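Trainee: fold the following, please.
(chains A and B)
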Amino acid sequence: MARSTFARLIATLVAFAALALPLAAEQLARLHVTNLSLGADRTHVKIGERFSIYVRVHVNERVDRIDNIVLPNLLNFNNLGDEHTRAINPKGTDWTERVILEAPQAGTFMIPPAYFDAINAVNGKPSRFSSNTLQIVVGAPSPLDDPGALARRVLSIVLVVVGVLAAIFVLLALFVLRMRRKPVPISPVRPAPPTLTVLVDPDAALRTALAAASRTRTRASILILRGEVFARAGVPRGATTRDALDRISADARGLRLAVAQLERAAFGPHDRLEMAIDEALAAVESLLGRV
Amino acid sequence: MIGSHTRPAALLETLGRSIVGQRAVLETLVLTVIAGGHVLLEGAPGVAKTLACRALAAAIGGTFRRIQFTPDLLPSDIVGTRVFDQRTATFATVPGPIFANVVLADEINRAPAKVQSALLEGMQEHHATIGPETLAFPDPFVVLATMNPLDGDGTYALPLAQMDRFLAKVIVGYPDRDDERAIVDRFGTSDVDLPASVVTLDDVRSWRTAARAVFLDAKLRDYIVDIVRATREPARLGEFGKYIESGASPRAAIALAQLVRARAFLEDRDFATPDDVRDLAPSVLRHRIAYGYRVATEGIDTEAIVQAAIGAVHAP
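Mentor: Predicted structure coming up:
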């Protein structure tokens, strides 16, 4: 009896833990973070040499893992692998991430900080903990380090020089051949046929919209007309009347009046719609009449 | 168009003479009074939040009460209580400071949840029950609540559901250099003078009715709804979408429509415009969106997230 009760209790606890774990996984851990540092076994390397960088974290709590460490951007290097270690001691947990890298190009590279998010146990607030940055200097290998590379480099230089000389020779030969050709008689040039110049009315779309609005006298047609007036003012789609008025100079009174009247016709009350449409159409007609 | 009552622009001008700068803050206060709502003000100490509230109460000729919220406050300190009168051997109802036209709830986030609830319930219901009596609040009734964003220790964060009760939230920033020089000149040598009453409580009540009659076109209604819905569709907000846990409720759309109508009324227009919607949307949305913890850890400016939601919708 006691055994079955105990077994049921254990099963209940396990079920509860299974339910709680996914919830806990989505929450930040509450930690006393006392160290987060970024270091390397060597900060001066040569092209092709392997080296390691370390992200070291110390927290006062005993934890199984610190999963959410975001490693820095290492695109300037070839990533040859990574590993992590954990050490628990009376002072807490030491977590170390080691990344093995190889430098493919020379230069001085600044590795940005590694970071992770946790609830700061000191003040209870969600915080981002960031490490220091790390500078790695990659030098070019000395020719004496690799005799084969030296020979390949010399050969490539020779090939480039030969290629340039060959190109120059070919160009000279072509030039000389051209100079020795007999002159070709020039045929009379016929005059080109006259081209037609098509005059485009810059206000064609506006006139079309005005004609449609005058015919239908609906808010929808007024909105289209408003869009064409905005386009004339250089205002993009989705802009407001204030955007349009900010773009239009104070001297362009006709255009400013048309914008204001169109707003009233587009958004004004129904009982004054007809008068608003009349005023808006008149303002746009006046605007076009001055062109 | 407005009628025979004093125009609300007069109230705004009067407040502008009492408070240096802060034009946008004063406008939002006046709009909220017109719309019949309540305002949440957030800003550092010393930026004239309390002065603005007192000036507003004086300018509309209403009663003003200030409640300083502290951790030891009780609900009865807000709504009132019953006291035993030994002379008459009966209980008498003593209404609390919430029974005023303009109530300044100072540092509302310093009081525990039950005290916050007592205030917010009153804001919603416009009455309070003390013992056997239910007493109505005066009309108009405006609550201006302040929060200090700097001192986080010992505060009780207002839940989103309660922040939703405020029509608008205004950020009261520091004045610019010219304004600060004017402040020193004006207040450094004399006591603060509150403005005389320029409008009456009847005016304010008539404004509320008149503002509701301002025309809101269907396209603007859709614009308002689409902006609010954009806060619930993080995929539309680009890189900012990942910072939103939950967007604004439909109450935000109602609030924005109310404020937009109030703005048109303030400017002597009988219709609202897309500019009204775009200008007022931030004050309606900023306290109605729940953000994830990454906003704090990555130092993201929440105003940029609100602007992204507004920018995700084309104006009609």
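Trainee: CA only for contacts and neighbour counts going forward, please
Mentor: Noted.
Trainee: pLDDT wise, what is the closest residue to residue A:108 other than its chain neighbours at?
Mentor: Of all residues not flanking residue A:108 in the chain, residue A:137 sits nearest, at 4.4 Å (CA to CA, 6 or more residues apart in numbering or on different chains). Residue A:137 is assigned a pLDDT of 93 by the prediction.
Trainee: what kind of secondary structure is residue A:137 in?
Mentor: Of the three states, residue A:137 takes strand under DSSP: H, G, I helix; E, B strand; the rest coil.
Trainee: ok, it touching residue A:107?
Mentor: Yes: at 6.0 Å, residue A:137 counts as touching residue A:107 under the criterion of CA atoms under 8 Å.
Trainee: need the contact list for residue A:162.
Mentor: For residue A:162, no residue meets the contact criterion (CA atoms under 8 Å, 6 or more residues apart in numbering or on different chains).
Trainee: which phi and psi does the residue most central in space within chain A have?
Mentor: Note on chain A: the residue nearest the mean C-alpha position is residue A:73, at 15.6 Å, using CA atoms, centre = their mean. With angles defined as degrees, to the nearest 10, residue A:73 sits at phi -70, psi 120.
Trainee: which residues of chain B lie near chain A?
Mentor: B:215-217, B:219-220, B:270-275, B:293, B:296-298, B:313-316 (CA under 8 Å from any CA of the partner chain).
Trainee: neighbours of whichever residue of chain A sits closest to chain B, just the number please.
Mentor: At 4.3 Å from chain B, residue A:238 is the closest residue in chain A, using CA to the nearest CA. Using other CA atoms under 10 Å in any protein chain shown, residue A:238 has 14 other residues around it.
Trainee: mind telling me what element it is part of?
Mentor: Of the helices and strands defined by DSSP states H and E, none includes residue A:238.
Trainee: isn't it up against residue B:310?
Mentor: No: using CA under 8 Å, residue A:238 makes no contact with residue B:310, being 11.3 Å away.
Trainee: for the residue nearest to residue A:108, give me its contacts.
Mentor: Counting by CA under 8 Å, 6+ apart, residue A:137 touches A:43-45, A:106-109.
Trainee: how about 10 Å then?
Mentor: Residue A:137 sits next to A:42-47, A:103, A:106-110 when contact means CA atoms under 10 Å, 6 or more residues apart in numbering or on different chains.
Trainee: which of those has the largest number of neighbours?
Mentor: Ranked by the number of neighbours (other CA under 10 Å), the contacts of residue A:137 place residue A:103 first, at 21 neighbours.
Trainee: so for whichever strand or helix holds residue A:169, what's the average pLDDT?
Mentor: Secondary structure assigned from DSSP H and E places residue A:169 in helix A:147-180. In this model, helix A:147-180 has a mean pLDDT of 82.
Trainee: what's the next secondary structure element after the helix ranked longest in chain B?
Mentor: Looking across chain B with DSSP state H, the single longest helix is helix B:250-266. As assigned by DSSP H and E, the chain's next helix or strand after helix B:250-266 is helix B:274-285.
Trainee: got the buried residues for that next one?
Mentor: The neighbour-count check on helix B:274-285 (16 or more other CA atoms under 10 Å in any protein chain shown) flags B:274-278, B:280-285 as buried.
Trainee: next: stretch B:168-181.
Mentor: Quick answer for stretch B:168-181 (16+ other CA under 10 Å): B:168-175.
Trainee: switch those over to CSV; also include secondary structure.
Mentor: Formatted as CSV, those follow (three-state DSSP):
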residue, secondary structure
B:168, strand
B:169, strand
B:170, strand
B:171, strand
B:172, strand
B:173, coil
B:174, coil
B:175, coil
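Trainee: got a list of what the closest residue to residue B:142 other than its chain neighbours touches?
Mentor: In space, residue B:142 comes closest to residue B:102 once its chain neighbours are excluded; the distance is 5.0 Å by CA to CA, 6+ apart. Residues near residue B:102 by CA under 10 Å, 6+ apart: B:33, B:38, B:53-54, B:56-58, B:60-66, B:138-144.
Trainee: same question, residue B:238
Mentor: B:305, B:308-309, B:312.
Trainee: give me the number of residues near residue A:251?
Mentor: By other CA under 10 Å, 8 other residues sit near residue A:251.
Trainee: partners of the helix or strand residue B:42 falls within in the sheet?
Mentor: In this assignment (DSSP H and E), residue B:42 forms part of strand B:39-43. Strand pairing for strand B:39-43, using DSSP bridges, gives strand B:142-147 (parallel), strand B:168-172 (parallel).
Trainee: quick one: mean pLDDT for it?
Mentor: Here strand B:39-43 scores 91 as its mean pLDDT.
Trainee: with just CA atoms, put it into PDB.
Mentor: Only the C-alpha atoms of strand B:39-43 are listed here, as PDB (Å, rounded to 0.1, in the frame of the first residue of the first chain):
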ATOM      1  CA  VAL B  39      -4.300  60.800 -19.000                       C
ATOM      2  CA  LEU B  40      -1.200  59.000 -17.900                       C
ATOM      3  CA  LEU B  41       1.800  61.300 -17.700                       C
ATOM      4  CA  GLU B  42       5.300  60.000 -17.500                       C
ATOM      5  CA  GLY B  43       8.400  62.100 -17.000                       C
END
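Trainee: toward the C-terminus, what is the element adjacent to that strand?
Mentor: Counting by DSSP H and E, the element after strand B:39-43 in chain order, helix or strand, is helix B:49-59.
Trainee: for residue B:301, what are its contacts?
Mentor: Neighbouring residues of residue B:301 by CA under 10 Å, 6+ apart: residue B:295.
Trainee: measure it to residue B:307 for me?
Mentor: 10 Å (CA to CA, to the nearest Å).
Trainee: likewise residue B:127?
Mentor: For residue B:127, the distance to residue B:307 equals 36 Å [CA to CA].
Trainee: between residue A:137 and residue A:107, what contacts are shared?
Mentor: Here residue A:137 and residue A:107 have A:46-47 as joint contacts, going by CA under 10 Å, 6+ apart.
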